[in-house]
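Colleague: model this:
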Amino acid sequence: MLTRLQGGLSAIAATLLAVGLVIIDLTNRGFRGWWQEHPLTTDVTAGVLVLLITLLVVDQLVRSRQFNDRSRAVAAQAAILMAQARRSTEAVSSVLGGSGDRGAASDEVRTYMMMLLVAAPVLIDPAVSRAFLEQAQRLGGEMVRALTAVTKTVDPTTVSRVRLDDALERLGAASTPLLQVLDFEQFIAADGGESQ
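Modeller: Alright, predicted model coming up:
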């Protein structure tokens, strides 16, 4: 974000410099005379300014497009991870409720953790997606804790689902700012139709 701001300020500064030179050229006869007496310097300065402005504006456009594309990729990763998080949480919750298959729940949690490992490099950089990643890791920890407690406990209903549900809710809240860049079709495609 900071480099985008610096690039934008550089483009504005170069444009203002060019506009300032034009204004001085139009209003100051001595300044204009100096430039007329030095045509090579005038041409080189004008060429460099035009090139600088062009490069800075094009750089800003390319960075903006890359940022938008990256935002969509991060949002798609978040939507995919949210869908698996819901599946995994439901499987673990059903085991905690006494009606689920622990092996199937373990497979869902394992899949979630693998997806989390794959998504981590994409999610680690910006602060908003890093907050989502941290909540996703917490949810993974809660699912593993719950399954471990079920293994050690004879009665799975003695393990509370409150922490698990709270972790999933926090993950959903952390995903909201990321998912805003997706339109409905993109969200459904990334989500796999899980949230309908």
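Colleague: hey, let's count contacts and neighbours off CA atoms from now on
Modeller: OK.
Colleague: Got phi/psi on residue 38?
Modeller: phi -130, psi 70 (degrees, to the nearest 10).
Colleague: so how far is residue 24 from it?
Modeller: For residue 38, the distance to residue 24 equals 16 Å [CA to CA, to the nearest Å].
Colleague: Same check on residue 66?
Modeller: 38 Å.
Colleague: Could you check the pLDDT of the nearest residue to residue 108 once chain neighbours are set aside?
Modeller: Distances taken as CA to CA, 6 or more residues apart in numbering put residue 88 closest to residue 108, at 4.9 Å, once the chain neighbours are dropped. Looking at residue 88, its pLDDT is 95.
Colleague: burial measure for residue 88, as a count.
Modeller: Using other CA atoms under 10 Å, residue 88 has 25 neighbouring residues.
Colleague: secondary structure class for residue 98?
Modeller: With DSSP: H, G, I helix; E, B strand; the rest coil as the basis, the three-state label of residue 98 is coil.
Colleague: Now do the SS call for residue 169.
Modeller: helix.
Colleague: What of residue 160?
Modeller: coil.
Colleague: re earlier: more crowded one of residue 38 and residue 24?
Modeller: residue 24 (14 against 10).
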